[in-house]
Structure formats: structure tokens, C-alpha cells
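Student: here are the coordinates; sequence isn't available:
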């Protein structure tokens with residue numbers, strides 16, 4: 001195929017442009033075939049190699065800690081360029097940019113709307129393309145699932161959570177829905193959170209209907225029916241629709257129940273073990289969908305200047321193998337080179353095994369956790385059977401994570417206690433993956449958390465994100481507001497956040 005017209009990206013502003021598919025030169029052609037649009041979908045609509053969605057989110061939750069020491073004196077930039085996000089500054093993008101961070105790694109608004117445009121091209125033009133009906137079905141299913149994912153992520157970054165206890169989702173400002181490939185003259189308004197979720201679930205219904213016709217043999221770097229069901233389970237969990245969260249998790253685990261038994265993972269922690277037994281990626285039995293960049297699970301400098309927090313490490317007991325495999329205490333000799341206290345292992349294998357730097361996985365373990373939490377919520381509402389069902393899921397996961405000789409099944413507790421246990425288990429399993437912890441903190445009621453910032457090896461200051469702090473909702477980029485003066489900014493704290 002000749003050079004396909006490059007998408008003129010709207011970048012959140014929806015600025016006017018020539019018609020998307022207009023021919024611009026003799027070296028550019030109008031895509032016509034279904035395969036052409038499939039290529040456009042993959043290159044412009046998928047979060048492929050090098051695409052950063054929201055790597056800074058790992059700097060904002062309570063699973064991260066700032067480390068400083070003489071060993072990184074020449075890497076001090078890594079501490080300071082991430083400080084704006086780590087301190088929850090209202091203008092953290094500008095603060096990080098001024099300190100040396102690459103701003104493109106922080107512009108989720110632009111990135112997600114760019115990807116949405118890629119999905120809309122496929123959805124708008126596939127029906128009239130020349131090609132096999134089965135290919136159209138597959139590409140459209142993928143495009144609907146991806147568009148649902150992107151809108152879902154945007155509304156959870158730039159709006160209050162769906163289950164905000166102070167109001168209802170129909171009264172919360174969400175994000176603009178973009179449902180076509182036209183670069184319209186009119187400027188988009190913010191849809192409500194309820195409207196965004198309604199569109200997300202509608203797109204997921206369409207995706208699931210189409211992708212189930214394709215079957216479950218999709219490559220792991222292409223979104224499948226199983227992956228779409230996993231996303232639906234997550235979406236309905238956030239919406240507190242427990243029955244639908246369970247139903248979609250049921251589908252996932254009926255098709256992809258596999259879990260990696262960490263008892264069979266080599267114990268010595270050598271790098272070669274990560275190559276043979278990857279914790280993420282295409283060669284891990286739990287992976288349902290694999291996407292994005294190696295930078296996605298971590299901001300620049302993470303795991304040198306920023307690393308596993310002591311608060312997270314304390315969540316694990318000695319028989320929990322994740323504290324030896326997912327991460328582990330840093331050997332003393334390595335502290336001559338790295339100031340942190342823990343070594344992060346989850347994504348070590350990605351580049352070496354796959355030969356690319358894609359770095360985020362959706363895994364079957366999430367489906368067990370989604371289903372367990374939903375059953376506990378039903379238990380809280382008086383469904384006694386919910387406790388036993390939740391424990392089945394939690395214990396199925398845990399038996400693959402704990403040392404065999406010391407593992408003990410959990411048993412029935414009060415609803416509140418069991419929910420606390422489930423949430424801690426979720427934190428242990430999903431830390432530094434796909435922003436789970438940050439989004440979970442939001443739907444748990446946006447609790448207060450603190451970060452200890454170390455600007456020098458001998459200096460520390462404490463920054464606190466208050467309960468229901470405005471910075472639990474990210475600011476809309478200034479350039480978007482400048483282009484669309486009618487779009488309101490999210491509530492922000494006044495001035496820079498100061499240390500305690």
C-alpha cells in the first residue's frame with residue numbers, strides 16, 4: 001500500500017482541518033480497502049510501541065516513594081523533573097516540564113483523543129470499504145472496545161468518580177465524547193460523567209457482540225472479546241453494578257482462568273529467570289491484552305529516584321511470594337548504585353522477551369479480584385452466598401501467590417472486614433499496573449495520603465493530598481482551554497501545594 005494519509009490529530013482541541021481523507025499529493029492515497037483501515041486502526045488507534053498514556057499516575061498514589069542519595073548525584077534531574085506530579089501540584093505538567101520532563105509523557109488528554117480519532121476513522125469508513133465481512137467485524141469490534149477504553153480512562157483522569165458520594169453522575173462534569181472522525185468547526189462541550197459511562201457501556205456492548213463472532217484466537221496485542229469483557233467488568237465495578245461486573249468477569253474466567261503459580265517461579269531472582277518466566281507480556285499465562293510502552297508502568301526516573309514505597313511493602317507478609325518476585329529488597333551491593341530500598345521486577349522481562357517496549361498487561365488476576373469485590377458488596381447488602389463466592393475467587397488467586405508450606409485459605413469474615421482484605425489483596429496484586437491503585441483510591445472515597453519528598457540526600461519534606469482533594473481530578477491542559485474558552489477548568493487548589 002502507498003503512503004496512507006496521516007491523521008491530522010485533533011489533540012483535544014477539535015480544530016478545523018481539511019477533510020480527513022482528502023488526497024493531498026500524488027504520493028498519498030485515499031484508503032479504500034478493509035485491510036487499509038485495519039492498518040490505520042492498528043497504527044493510529046492502538047496504544048502501540050512508544051505511546052505513553054499516563055505514566056505519571058504511578059507518581060501520585062501511595063505505592064511510590066522518593067529516594068535520594070549520593071549515588072544519584074548525577075541523576076538529580078530524575079528527582080526534580082517528577083516532583084510536580086509526586087507533590088500533586090495543580091499545574092504539575094508545567095512544573096515537570098520546567099524541571100526537564102518531556103511534556104508529551106504527561107499529556108494524556110492529547111494522547112487519548114488522538115487514539116480516539118484513530119478508532120473513529122475505522123468505525124466511520126469500514127462499512128463501505130472493500131474487503132471481507134469477517135475482517136470488518138473484527139476491526140469494528142476492536143475499534144469499539146478501544147474507544148470505550150479511552151473514554152473510560154479520560155473520564156477517570158479528568159472528572160470525579162462515578163460513585164462520588166456527594167452527588168450523582170448526571171450532575172458531574174465529565175469529558176467531551178468524540179464519536180466521529182470529523183474535525184468539526186464547533187468546539188466540544190463536556191458531557192456528564194453519566195453520559196460518558198453510558199457511551200462506554202454502549203460501545204462495549206457493540207464490541208463484545210462483534211468480537212464474540214470473531215472468536216477468542218486474537219493475538220495478545222489485539223484486543224479480544226475476552227479483553228472487552230474484562231474492561232466491562234472493571235467499568236461496572238466502578239459503576240457499582242455488581243451483577244454486571246460479576247457476569248463479565250464470569251466470561252473472562254470461563255475463557256481465560258490461568259494464573260501463574262509463583263511457587264514454580266525460580267527463587268534465586270537471577271535476570272535469566274525473568275527472561276524464562278516473565279511476569280508480564282505475551283509469554284505470561286495470565287495475559288489477556290498487552291499494549292503500550294515500557295515507560296507506561298513507570299515515569300522517567302522511577303525505580304531509581306522513585307521506587308516501591310515502604311507503605312506498600314508492609315502490605316505483604318513473609319510467605320507472600322510477590323514480595324520476592326514482583327519486587328524484592330534491594331541487595332546491599334546494589335545500593336552503591338541505586339538509592340531505593342526495593343528492586344522492581346514486574347516489567348524487567350518485557351523488552352528482552354518480546355523484543356519491543358510494550359509494557360502494560362491486562363491479566364486474569366484482575367477478573368478474580370473484580371468478581372470477588374462485587375460478591376462482597378452483594379454480601380454487604382444481605383446476600384449471604386456472596387461471602388463464599390468472594391472467598392473462592394480470592395483464595396484461587398492467593399494459593400498461586402503464597403508459599404505452599406505456609407499458605408492458609410481465608411475464611412468468612414464480616415462484610416467490612418472481608419472488603420478490606422479484598423482491597424488490600426487488589427493493591428498487592430495490581431500495584432504499578434494501568435493506574436489501578438490511583439483509580440481505586442478515587443472510588444474508595446479519595447482518602448488522604450502523604451508523600452515524603454527528598455530534594456537532596458539530607459533533606460525531606462512532606463506533601464499531603466487531603467481527603468477529597470481537588471487534585472484527585474487532573475487539570476485540563478491549558479492549551480485546550482485556550483482554544484475552547486467555554487470549557488470550564490476542573491477545580492484546583494490555589495497556588496502551589498506547600499509542604500507541611
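Tutor: Great, that's in hand. Please read these numbers as outputs of a predicted model, since none were measured by experiment.
Student: look up which helix or strand residue 162 falls in, please.
Tutor: Using DSSP states H and E, residue 162 sits within no helix or strand.
Student: pLDDT on stretch 426-438, on average?
Tutor: For stretch 426-438, mean pLDDT rounds to 95.
Student: residues in contact with that stretch?
Tutor: Residues from elsewhere that reach stretch 426-438, judged by CB atoms under 8 Å, 6 or more residues apart in numbering: 54, 57-58, 60-63, 153, 156, 297-298, 312, 315-316, 320, 322, 326, 344, 346, 360-363, 365-366, 369, 373, 397, 401, 440. The C-beta positions use only the backbone N, C-alpha and C, and glycine is treated the same way.
Student: just the buried residues of these.
Tutor: The neighbour-count test (16 or more other CB atoms under 10 Å) marks 54, 57-58, 60-63, 153, 156, 297-298, 312, 315-316, 320, 322, 326, 344, 346, 360-363, 365-366, 369, 373, 397, 401, 440 as buried among the contacts of stretch 426-438.
Student: take those residues and keep only those in strands.
Tutor: Among those, DSSP state E puts 344, 360, 361, 362, 363 in strands.
Student: the fourth one: what's it in contact with?
Tutor: Applying CB under 8 Å, 6+ apart, one finds that residue 362 lies in contact with 227, 230, 231, 287, 288, 289, 290, 434.
Student: for the strand or helix carrying the second one, packing partners?
Tutor: Per DSSP H and E: residue 230 is located in helix 225-239. Packed against helix 225-239, as judged by 3 or more CB pairs under 8 Å, 6 or more residues apart in numbering; DSSP states H and E, are the following elements: helix 133-158, helix 193-214, helix 242-255, strand 287-291, strand 360-363, helix 364-380.
Student: quick check: buried residues in that helix?
Tutor: 225-239.
Student: show me where pLDDT drops low in the stretch 251-400 of the chain?
Tutor: Across the stretch 251-400 of the chain, the ranges flagged by pLDDT under 70 are 267-276, 297-303, 348-358.
Student: before we move on, what about the stretch 1-150 of the chain?
Tutor: 1-29, 72-75.
Student: most centrally placed residue in the chain?
Tutor: The centroid of the chain falls nearest to residue 434 when counting by CA atoms, centre = their mean (2.5 Å).
Student: which ones are touching residue 86?
Tutor: By CB under 8 Å, 6+ apart, residue 86 lies in contact with 59, 60, 64, 66, 306, 451, 453, 463.
Student: hang on, residue 462 in a helix?
Tutor: No: counting by DSSP: H, G, I helix; E, B strand; the rest coil, residue 462 is located in no helix; its state is strand.
Student: Provide a list of residues in contact with it.
Tutor: With contact set as CB under 8 Å, 6+ apart, residue 462 has these partners: 450, 451, 452, 453, 499, 500.
Student: grab the nearest non-local neighbour of it.
Tutor: Using CB to CB, 6 or more residues apart in numbering and skipping residues adjacent in sequence, the residue nearest residue 462 is residue 500, 4.6 Å away.
Student: same question, residue 70
Tutor: residue 457 (5.7 Å).
Student: quick check, the one you found in contact with residue 66.
Tutor: No: counting by CB atoms under 8 Å, residue 457 stays clear of residue 66, with 11.4 Å between them.
Student: so which of the buried residues of helix 225-239 comes closest to residue 467?
Tutor: residue 238 (19.4 Å; CB to CB).
Student: gap between the closest one and residue 200?
Tutor: With distances taken as CB to CB, to the nearest Å, residue 238 is found 10 Å from residue 200.
Student: neighbours of residue 468, how many?
Tutor: 15 (other CB atoms under 10 Å).
Student: give me phi/psi at it?
Tutor: Main-chain dihedrals, residue 468, degrees, to the nearest 10: phi 60, psi 30.
Student: residues in contact with it?
Tutor: Residue 468 touches 445, 446, counting by CB under 8 Å, 6+ apart.
Student: ditto for the one 3 residues further on
Tutor: Going by CB under 8 Å, 6+ apart, residue 471 touches 88, 89, 90, 465, 492, 493, 497.
Student: ok, 6 Å please
Tutor: Residue 471 is in contact with residue 88, counting by CB atoms under 6 Å, 6 or more residues apart in numbering.
Student: what do you get for the one 4 residues further on?
Tutor: Listed by CB under 6 Å, 6+ apart, the contact set of residue 475 reads 490, 492.
Student: which element is it on?
Tutor: Counting by DSSP H and E, residue 475 is part of no helix or strand.
Student: can you give me the neighbour number for residue 381?
Tutor: Neighbourhood size, residue 381 [other CB under 10 Å]: 10.
Student: distance of it relative to residue 76?
Tutor: To residue 76, residue 381 is 52 Å away according to CB to CB.
Student: do residue 59 as well
Tutor: Residue 59 sits 16 Å away from residue 76 when distances are taken as CB to CB.
Student: and residue 131, by the same measure?
Tutor: The value you get for residue 131 to residue 76, if CB to CB is used, is 54 Å.
Student: likewise for residue 422?
Tutor: From residue 422 to residue 76 the distance is 40 Å (CB to CB).
Student: more neighbours: which of those two?
Tutor: Taking other CB under 10 Å, residue 422 and residue 76 do not tie; residue 422 has more neighbours (22 against 15).
Student: that one contacts residue 372, correct?
Tutor: Yes: shown here, residue 422 and residue 372 form a contact pair, counting by CB atoms under 6 Å, at 5.3 Å.
Student: more neighbours: residue 457 and residue 66, which one.
Tutor: Higher neighbour count among residue 457 and residue 66: residue 66, with 25 against 16, using other CB under 10 Å.
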